[in-house]
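Q: Structure here, sequence nowhere to be found:
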């Protein structure tokens, strides 16, 4: 059984920098995305590709849950060369596809993966063999927002959506403001589409502030704002941002305790044949219990000791 996918922080590393590639293995991050696109100058693309050859054939360290590569977009004509190189990597987990505007972009990527790595196709492997390659689609334009439905069902590999705010702002002739209200419609559409099509990841916009306490405070506020809209992760451009994102997109201590109390009390209520009951003066019914179970499951994926929290509240009774 594959481990649940978690991408609370999605850390970009430019593939043109050998020094940064080496340093990436010491990072603790849910997802490290080696970039062949925006952070790599045109004359450095071939060198960046060959730099990844060694990286993607090295055992993924335990402190990184997913090794991903952001290739160049299909319309640049560079995507095939990128895929031909990076798909040789035995420890590649995911491909991030920029400027994904329609199902056709993902059909192209899917066909290349099927051709070059049939062993990494969903349903191809026998038990114990490598997991399928995952695709994460970057949503960067008005056209992409209008085509979210077809993008979400375009490939059996698709496993998440990412919102690229700067490119979207350029496409729409918007100016980014600290309130982020200009992105409200696009972000809501992305989070809703990912949930509707049961994609595990919705990764929010880059926070451009990262220096000092003020920068990290802004980052935390943006994370909590995104979490409130249905996002479950954030793109990072500096290693200092990762820990803040991991914490913000994990269930909080009080949240885990609340969920544990609900689940324990509900188990007792069910045995007593009670469908609805109260806790702290609030009525608890099936949807609330379902939410509590989801929180505990997410907490376990975030490596929170759920068993000890359950132990603390083992005597909780339904009121």
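A: That came through fine. Source: prediction; values computed, not measured. Residues are numbered from 1 along each chain as shown.
Q: Any regions of the protein where pLDDT drops low?
A: Counting by pLDDT under 70, the chain contains low-confidence ranges at 1-3, 124-129.
Q: Would you map out the domains in it?
A: Domain assignment for the chain by the TED database gives 9-249, 253-313.
Q: between the ones you listed, which one is nearest to residue 319?
A: Set against residue 319 and scored by C-beta to C-beta, the domains of the chain come closest in domain 253-313, at 4.5 Å. (Glycine included, C-beta is placed from N, CA and C.)
Q: With mean neighbour count as new columns, can the domains of the chain be given to me in JSON lines?
A: Shown next, in JSON lines, are the domains of the chain (neighbours: other C-beta atoms under 10 Å):
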{"stretch": "domain 9-249", "mean neighbour count": "18"}
{"stretch": "domain 253-313", "mean neighbour count": "15"}
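Q: Distance to residue 319 for these - can I get that in a markdown table?
A: Below are those laid out as a markdown table (distance: least, C-beta to C-beta, whole Å):
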| stretch | distance to residue 319 |
| --- | --- |
| domain 9-249 | 29 |
| domain 253-313 | 5 |
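Q: where exactly do the strands run in this structure?
A: For the chain, the strands defined by DSSP state E occupy 9-14, 29-35, 64-70, 94-97, 134-139, 158-163, 201-204, 233-236, 277-279, 282-284.
Q: Nearest to residue 246, out of the ones you listed?
A: Of those, nearest to residue 246 by C-beta to C-beta is strand 9-14, at 5.5 Å.
Q: tell me the residue furthest from the middle of this structure?
A: Most distant residue from the mean C-alpha position of the chain: residue 272, 40.3 Å away (C-alpha atoms, centre = their mean).
Q: Give the full set of residues in contact with that one.
A: Residue 272 makes contacts with residue 318, as judged by C-beta atoms under 8 Å, 6 or more residues apart in numbering.
Q: That one and residue 318: what is the separation?
A: 8 Å (C-beta to C-beta, to the nearest Å).
Q: go on, residue 176?
A: For residue 176, the distance to residue 318 equals 48 Å [C-beta to C-beta].
Q: Repeat that for residue 269.
A: According to C-beta to C-beta, residue 269 stands 4 Å off from residue 318.
Q: Spell out which residues are contacts of both of the two.
A: Common neighbours of residue 269 and residue 318 (C-beta under 8 Å, 6+ apart) are residue 277.
Q: ok so, going back, of the strands of the chain, which is nearest residue 116?
A: Nearest of those to residue 116, taken as C-beta to C-beta: strand 94-97 at 11.4 Å.
Q: Adjacent strands (with direction) for the closest one?
A: Take DSSP bridges as the rule and strand 94-97 pairs in its sheet with strand 64-70 (parallel), strand 134-139 (parallel).
Q: Can you pull out the residues in contact with that strand?
A: Outside strand 94-97, the residues within contact range by C-beta under 8 Å, 6+ apart are 31, 33, 66-71, 73-74, 83, 86, 105-106, 109, 113, 133-138, 157, 159, 162.
Q: let's see 6 Å
A: 33, 66, 68-70, 109, 134-137 (C-beta atoms under 6 Å, 6 or more residues apart in numbering).
Q: Equivalent analysis for stretch 23-37, please.
A: For stretch 23-37, the external contacting residues (C-beta under 6 Å, 6+ apart) are 6-15, 48, 52, 61, 63-72, 82, 96, 98, 242.
Q: go again using 7 Å as the cut-off
A: Under the contact criterion C-beta atoms under 7 Å, 6 or more residues apart in numbering, stretch 23-37 has outside partners 6-15, 45, 48-49, 52, 55, 61, 63-72, 82, 96, 98, 239, 242.
Q: Double-check residue 10 against residue 235; I have them as touching.
A: Yes. Judged on C-beta atoms under 7 Å, residue 10 makes contact with residue 235 at a distance of 4.9 Å.
Q: Please enumerate the shared neighbours of the two.
A: Common contacts of residue 10 and residue 235 (C-beta under 7 Å, 6+ apart): residue 203.
Q: possible to save the strands paired with strand 94-97 as CSV with distance to residue 169?
A: Output for the strands paired with strand 94-97, formatted as CSV (distance: least, C-beta to C-beta, whole Å):
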stretch, distance to residue 169
strand 64-70, 19
strand 134-139, 13
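Q: measure stretch 206-220 end to end?
A: Counting by C-alpha to C-alpha, to the nearest Å, you get 12 Å between the two ends of stretch 206-220.
Q: Tell me how far that stretch lies from the chain's centre.
A: How far stretch 206-220 lies from its chain's middle: 20 Å, per C-alpha atoms, centre = their mean, to the nearest Å.
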